[in-house]
Every structure is written in structure tokens, then in C-alpha cells.
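> Mind folding the following:
(2 chains)
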Amino acid sequence: MLKISLANLDALFAAIAEKEALYIPTDKAGQAQYMRYENGMKMTDALNTVRSAKDFFFPQTENLVNFKVSGKTIEIIDPRTEHEDFVVFGVRACDVRSFSILDKVFLLSDPVDTYYENRRKHGTIVSMACTRPSETCFCGSFGIDAANPEGDAVCWKTEDSLYIQAVTEKGEALIEKIRPVLEETDDSAVEAQKAATREIMGKLPLAKFSTEKFGGEVLMKVFDSEKWASLSEACLGCGTCTFVCPTCQCYDIRDYDTGHGIQRFRCWDSCMYSDFTLMAHGNSRLTQKERFRQRFMHKLVYFPANNNGEYGCVGCGRCLSKCPISMNIVKVAKSLEGDL
Amino acid sequence: MQGMMLNRAKELLSDGTVNRVLGWQAGEFVYDITPAVFETEEELDAGFVYNGFCGNNLSKYLVKETLKDGKILVFLKPCDTYSFNQLLTEHRIDREKICAIGIPCDGKTSGEMLKAKGISGITGISEDADNFVVDTIYGQTTVAKADALEERCKTCKSKKHVAYDELLGEDGEILDSHRFDMVAKLEAMTPDERFAFWREQLSKCIRCNACRNVCPACTCEQCVFDNPKSGIAQKAAADSFEENMFHIIRAFHVAGRCTDCGECSRVCPQNIPLHLLNRKFIKDINELYGDYQAGAEVGTRAPLTNYTQEDVEPSIVYHREGK
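This next block holds a predicted model:
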């Protein structure tokens, strides 16, 4: 176990930033968000960022290819930029798990998404254990340990120090680079913090929340439930839940006419939107009830059916905090589970 | 108040005056309230709630609800009644199918407002006249209501109901709210400072459309930004110019119709103070065309859709030095 005094955190960040692009969660315009590190930037005390860390591997928009048209010639321009090494620092346990869920979508079957793949290859994840989880947290429901997150390297922040430990080769390579600013220590402080955090996790209001009744085997039962009508009744059809969600991965590909060419870009899509999966024949989901149902069917039924029982949720609680009408996966699952 | 509302709702359901009740439903943590339509007394008993967290303006749901059969009971806070009138003016809701009950409001807060005060791990909230007492797994905290109010409630424009069939509790007065103070501060900035302020705020936008979808003035059947044939349908802002223009276009579209209910800022997941764009328009309309409050009455012609010889000329923008 290695450590650095919190007073010297700037030195740690500077040491990483000297070698490669570093992103840390910081407070900007009143919100916690990941920003590229600059000298003197402070890490936020907020539990989590509003936008999840999925942005680093699956950004909200990215140009896939550009076409420049002049006369009868079309020039194809490669705008790809995802080849730079970078470090994301301070990712919470829930968000780290979301990467392995996204991997199953983008990497496990052909065709592999090379844009995503490149970013995953070039990104090093330094996670941060939680000490003060919120009532909206339920990562434990998915076997995630907030006190001991996954990641290439893991950090624990105490009153006065930051402890860091490598987990993967990438993590070891990173720590090798910053070794001079770190000092060797035992793991007693970290073990004490883990025990304290696990005790808090057990006291959270959603500590016993479980989605285990859901999965592919109850597909039609869940799909046909009469409760979807009332659950979706007040839904505004906005995309907040999907855009703050670390595991939502639907996207749209569009062409933007620049006047003298085309930018073909992809951007996040939302099943809550009226033109989601709009096809030439029209839309298969005609009302908000069907769109709303799709989101929860995907996370609680389709995803586990296709991925050995793993749910498409990490319990980060962002949708619980941010939905304008406070409707979310916990309320939906609790309402439906009685019928299963 | 919740008990009075519940009793009246049950009476109106059982005597057949209405067949549905539009209100607020309790959630998991006291603060996570969901708008809901109740059809039976049992449903009302199981979930109906009215407390300091019922901020949602229910008036826009009437667009959808009055297309259905039967009459619906709706509870309206003072600021919601302005939206209600504006929707009537624009012929978006059917007055014959609505029984509107005005209810008092002491200002609302939200889970997010409490959390912004560093409170976390909330397990229960109770309220007395002046305070919220918040129980958390980390201990108990008391927060003065005045400190925890949403910005729109700190600068509440009116405790007076401008529309209702029945009123529960006392009606209030139109207030001198200082709601344009922040707009005046923005106007006092240099153009560069103002641009920097809005760029910093609008760069947080994730184009979730929550501001648009919650807005009682945004009731187009299909928004231009959702129409694939419009040529400007987008699910993401391609660049910073689009990021700015989405919100500025939206503010223009609701100018003269926005009642300043503040729902746009309440729902923004990124806490962008979107209401300031709308308030800028309201302040300008007041200054250039005379005081006008959208939704204060039904059927008024808004200054921007009504020509008079006293209207300012477009050249006013030069005289105001771009403010």
C-alpha cells in the first residue's frame, strides 16, 4: 500500500498530468464534473459527478467520418482522435462497474466498436472508494463493493491521506510513473475505512433492494404488466435518466450537412424520445408507456437474459436524484416485483 | 392542508363531480414526489401527499388529461394558476373538463436543495412552520425552510390564485419579489462577461430536453427539434453554437407566454439557471411595452402578438447598447 498526504495531492496530479492527459472530478459552475486537470485544480468533495464517467469511452457525440464534396469528387476524412493515453481519476465503484457492462455491448461480439475499443485501451481508471454514500445508493444490490472498487488502481481517501494500490498491469504502470511522490505504508487505515463504509452501506434505506426476481424467464409477465400505464403516466419523455445513466448505451448516427460536406456523427439516443428507433414504416413504440417500459425491460429483463443474469444497472442512484418526476428503476422494480 | 385536500378529493370523486384526481404521490424518501392521477378513494389513501416537496406544476398534464372522458380534479398552487390561465388562453386545455382547487403554498424545496447543503443519507424528513428536520444515517440536521427554498420560491411573484373553482385555505397577495435582480446583474455585466457566464452555464447542457418537456408553454404537438423533416432535429448539440441556440430559441418561443413558473430550472439535471433567460424577456417586455404578466388573466393579447402605435422600434437594441 502506498500513500500521499492530502496536502500534497497537487504533486500527485501534476506527476500524472506530466505524463498523460488526466481527468479528475471537480466543481465547475456549481456542479461536480470531470475536467481535464490543470495546475491547482481541486478534486470535488461531492459523492459523484452528475454525468457519469462513461463519457470517456462513449462520449455524448463523436464524429465518425467526414466527407468533403467538391464537384464530382468526395474526399473521405478520418477525424478520429481516440488514440491518446489518458487517466480518469476518482471514479466511484458503481461507475467502474458500468464499464464492464458497456464492454459487453461494444466489445464482446462482432463487429467490435473500434472507437470504444481504442478509448478503453488508452484509458487507465483510478477508482475511489466511497465513505459517505447517499440514500439513493444501491450498488450493493449488484454485488458492487463501494468500499473496495474495481479499476486499474484503487484509492481510499481518509482525513489526511490518499492511499493508492495498483490492481492491473495498467495500474502498476501508472504507479511506477508517480512512485517518487508516494510513500510506503501499511493498510490498517484502509482496512478500517472499508469496515466503516460497509457498515454504513448496510444501514442505507435501499440496502435490501434487489432485482433478483427479474430476468429473461419473466419476460412476458413483466412486459404484459398492467402497471406500466400508471408507472409511466407522469413521464415527461425527457432524456435525463438515460443521459445521466452510466450504463445506457443506445446511440443514433446522423449526417450533419456542413454546406460543403458531411459530418457523420453519432450521439447518445434515448428510448424515452418519440423518434427513438423511428423507421421508414413508422415507430414501433407509439406512446410514452411503451418507451418507458423499454428502458426498464432493457435493464431488468433483456440485458440479464443476454448476459448471464447481469443486470443493466449499477445502483449509482443518478436517476433517483435527477428524474424531474422522481420515477426510477427502484420504484418500478418494487412496484412490479410483487406480481412475479 | 393535505387532510383537507384528501377529504375534498374523496367528496368530489364519490358525488360524481369528477372521475379522476390529479395530484402528487409519495415516494421512497419523502422528497421524491411523483405527479399522479388517482381514480379511487383507495388510491388516494395509499399515496396522495401534499408537502414542501410537491414542486411539480401539474397544469401541463391537463393538456393530456382533458383529451380523456370525464372531469378531472386538479390541485393548483398559486404559481400553477398562471400556467393554467395561459394554457386556457392558448386553447390547449378544456376548461369544461376541469375542476380546479386552489391550494396555498409556502414555497417548495427538493431533495437536491437539501443535498446542496451537504445533507446525505436521508432516511426521513419532518417539517414544522419554519424548519425541515432531516434524519440521516449520519445524524439529524435542522434546516431553516427559508434557506432551503428553491430560487423561484425565494423570489415568489404571487401567493394569489388567479384561477380556481374552489379555494382551500386563505388566498394571498401578489408579491414584490425582486425576481429581476439577477437579470439586472447580468445586464450590468460587460458583453464579454455575460457571454462567459452563459457559456459556462450552457456548456453543461446535456440536451435531455427536460426543460422543454416540463414547460407549460411548450405544448407543440411535435417540437421542431424532434421533427426529422425540419432539418434541425438534433439529439445532441453538435457544437457550442448549437448549445447556446437551443436555449435561446426556446426562450424566444415562449417569450410573452412564459409565466415564470420556474419548472425549467427545477428540472435541469445540470442546474442551469434557465429561468434567467425567460426573466430577461419578461423584464424587457415590462420595460418596452408596459407591465405584463402572462397568465394573470385568460384571453389577454400578449404584447408581442399585439400591435400598438406606442410599440418600440427595432432600433431600440442600439439605444440599449446591447443589454
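> which residues of the chain fall in helices?
Assuming you mean chain A. Assigned by DSSP state H, the helices in chain A fall at A:9-19, A:93-106, A:114-122, A:169-178, A:188-203, A:219-223, A:228-231, A:240-244, A:288-297, A:303-306, A:318-322, A:329-337.
> ah, no, chain B please
Using DSSP H, helices in chain B cover B:2-14, B:41-47, B:61-65, B:78-89, B:111-115, B:145-148, B:151-154, B:181-188, B:191-202, B:210-214, B:240-254, B:263-267, B:275-289, B:316-319.
> So which of those is nearest A:A333?
Nearest of the helices of chain B to A:A333, taken as C-beta to C-beta: helix B:41-47 at 17.3 Å. Glycine gets a C-beta too; all of them are placed from N, C-alpha and C.
> Quick check: closest non-adjacent residue to whichever residue of the stretch 1-150 of chain B sits closest to chain A.
For the stretch 1-150 of chain B and chain A, the shortest gap (C-beta to the nearest C-beta) falls at B:D32, measuring 3.7 Å. Take B:D32 and drop its neighbours on the chain: the residue closest to it by C-beta to C-beta, 6 or more residues apart in numbering or on different chains is A:S326, 3.7 Å away.
> which residues does the one you found contact?
By C-beta atoms under 8 Å, 6 or more residues apart in numbering or on different chains, A:S326 lies in contact with A:L320, B:G27, B:Y31, B:D32, B:I33, B:T34.
> isn't the fifth one right up against B:G27?
Yes. The pair formed by B:I33 and B:G27 meets the contact definition of C-beta atoms under 8 Å, at 6.0 Å.
> Have a look at those two and say which one is more surrounded.
Ranked by neighbour count (other C-beta atoms under 10 Å in any protein chain shown), B:I33 and B:G27 place B:I33 first, with 25 against 21.
> picking that back up, kindly reformat the helices of chain B as a markdown table containing mean neighbour count and distance to B:Q234.
Output for the helices of chain B, formatted as a markdown table (neighbours: other C-beta atoms under 10 Å in any protein chain shown; distance: least, C-beta to C-beta, whole Å):
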| stretch | mean neighbour count | distance to B:Q234 |
| --- | --- | --- |
| helix B:2-14 | 16 | 42 |
| helix B:41-47 | 14 | 38 |
| helix B:61-65 | 19 | 24 |
| helix B:78-89 | 25 | 27 |
| helix B:111-115 | 20 | 27 |
| helix B:145-148 | 16 | 36 |
| helix B:151-154 | 19 | 28 |
| helix B:181-188 | 14 | 27 |
| helix B:191-202 | 14 | 15 |
| helix B:210-214 | 25 | 12 |
| helix B:240-254 | 16 | 7 |
| helix B:263-267 | 25 | 19 |
| helix B:275-289 | 20 | 19 |
| helix B:316-319 | 10 | 28 |
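> Same list (those) but as a markdown table, adding distance to B:S230 and mean pLDDT.
Shown next, in a markdown table, are the helices of chain B (distance: least, C-beta to C-beta, whole Å; pLDDT from 0 to 100):
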| stretch | distance to B:S230 | mean pLDDT |
| --- | --- | --- |
| helix B:2-14 | 42 | 97 |
| helix B:41-47 | 40 | 96 |
| helix B:61-65 | 22 | 97 |
| helix B:78-89 | 24 | 97 |
| helix B:111-115 | 33 | 92 |
| helix B:145-148 | 41 | 91 |
| helix B:151-154 | 31 | 94 |
| helix B:181-188 | 31 | 96 |
| helix B:191-202 | 21 | 94 |
| helix B:210-214 | 14 | 97 |
| helix B:240-254 | 12 | 88 |
| helix B:263-267 | 22 | 97 |
| helix B:275-289 | 22 | 95 |
| helix B:316-319 | 28 | 86 |
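> Serialize these to a markdown table and add fields for distance to A:M43.
Output for those, formatted as a markdown table (distance: least, C-beta to C-beta, whole Å):
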| stretch | distance to A:M43 |
| --- | --- |
| helix B:2-14 | 43 |
| helix B:41-47 | 41 |
| helix B:61-65 | 42 |
| helix B:78-89 | 39 |
| helix B:111-115 | 19 |
| helix B:145-148 | 27 |
| helix B:151-154 | 27 |
| helix B:181-188 | 30 |
| helix B:191-202 | 20 |
| helix B:210-214 | 28 |
| helix B:240-254 | 26 |
| helix B:263-267 | 27 |
| helix B:275-289 | 29 |
| helix B:316-319 | 44 |
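> can you list those helices in JSON lines and add distance to chain A?
Below are these laid out as JSON lines (distance: least, C-beta to the nearest C-beta, whole Å):
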{"stretch": "helix B:2-14", "distance to chain A": "17"}
{"stretch": "helix B:41-47", "distance to chain A": "9"}
{"stretch": "helix B:61-65", "distance to chain A": "7"}
{"stretch": "helix B:78-89", "distance to chain A": "15"}
{"stretch": "helix B:111-115", "distance to chain A": "7"}
{"stretch": "helix B:145-148", "distance to chain A": "16"}
{"stretch": "helix B:151-154", "distance to chain A": "12"}
{"stretch": "helix B:181-188", "distance to chain A": "14"}
{"stretch": "helix B:191-202", "distance to chain A": "5"}
{"stretch": "helix B:210-214", "distance to chain A": "4"}
{"stretch": "helix B:240-254", "distance to chain A": "10"}
{"stretch": "helix B:263-267", "distance to chain A": "4"}
{"stretch": "helix B:275-289", "distance to chain A": "13"}
{"stretch": "helix B:316-319", "distance to chain A": "28"}
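> and of the ones you listed, who's closest to B:L22?
helix B:61-65 (5.9 Å).
> what's in contact with the closest one?
Taking C-beta under 8 Å, 6+ apart as the rule, helix B:61-65 contacts A:234, B:20, B:22, B:35, B:37, B:72, B:74, B:84, B:87, B:92-93, B:97-98, B:219.
> so which of these is the most crowded?
B:F84 (30 neighbours).
> circling back to that earlier point, closest one to A:G71 among the helices of chain A?
Closest approach to A:G71 among these is made by helix A:114-122 (30.6 Å; C-beta to C-beta).
> buried sites along the closest one?
A:Y115, A:Y116, A:N118, A:R119, A:R120, A:H122 (16 or more other C-beta atoms under 10 Å in any protein chain shown).
> Can I get those residues in TSV including distance to A:S335?
Shown next, in TSV, are the buried residues of helix A:114-122 (distance: C-beta to C-beta, whole Å):
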residue	distance to A:S335
A:Y115	38
A:Y116	34
A:N118	41
A:R119	37
A:R120	36
A:H122	42
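> how distant is stretch B:17-32 from the center of its chain?
17 Å (C-alpha atoms, centre = their mean, to the nearest Å).
> end-to-end on it?
Criterion C-alpha to C-alpha, to the nearest Å; first-to-last residue distance in stretch B:17-32 is 30 Å.
> likewise stretch A:206-217?
End-to-end span of stretch A:206-217 (C-alpha to C-alpha): 25 Å.
> who touches it?
With C-beta under 8 Å, 6+ apart, stretch A:206-217 has contacts from A:135-138, A:140-142, A:201, A:222, A:300-302, A:304-306, A:309, A:311, A:313, A:315, A:330, A:333-334, A:336-337, A:340, B:28.
> Could you rerun that using 6 Å?
For stretch A:206-217, contacts defined as C-beta atoms under 6 Å, 6 or more residues apart in numbering or on different chains pick out A:F138, A:S141, A:L300, A:V301, A:P304, A:A305, A:Y311, A:A333, A:E337, A:L340.
> Can you check the pLDDT for the residue nearest to B:D32?
Listed pLDDT for A:S326 reads 97.
> What's the separation between A:D160 and A:A7?
8 Å (C-beta to C-beta, to the nearest Å).
> next one: A:V96
27 Å.
> Now for the spatially most central residue of chain A: which residues touch it?
The centroid of chain A falls nearest to A:P246 when counting by C-alpha atoms, centre = their mean (2.7 Å). Counting by C-beta under 6 Å, 6+ apart, A:P246 touches A:S52, A:K54, A:D95, A:S98, A:C316.
> Check B:K10 too.
Neighbours of B:K10 in contact, by C-beta under 6 Å, 6+ apart: B:E41.
> Perfect, I'm done here.
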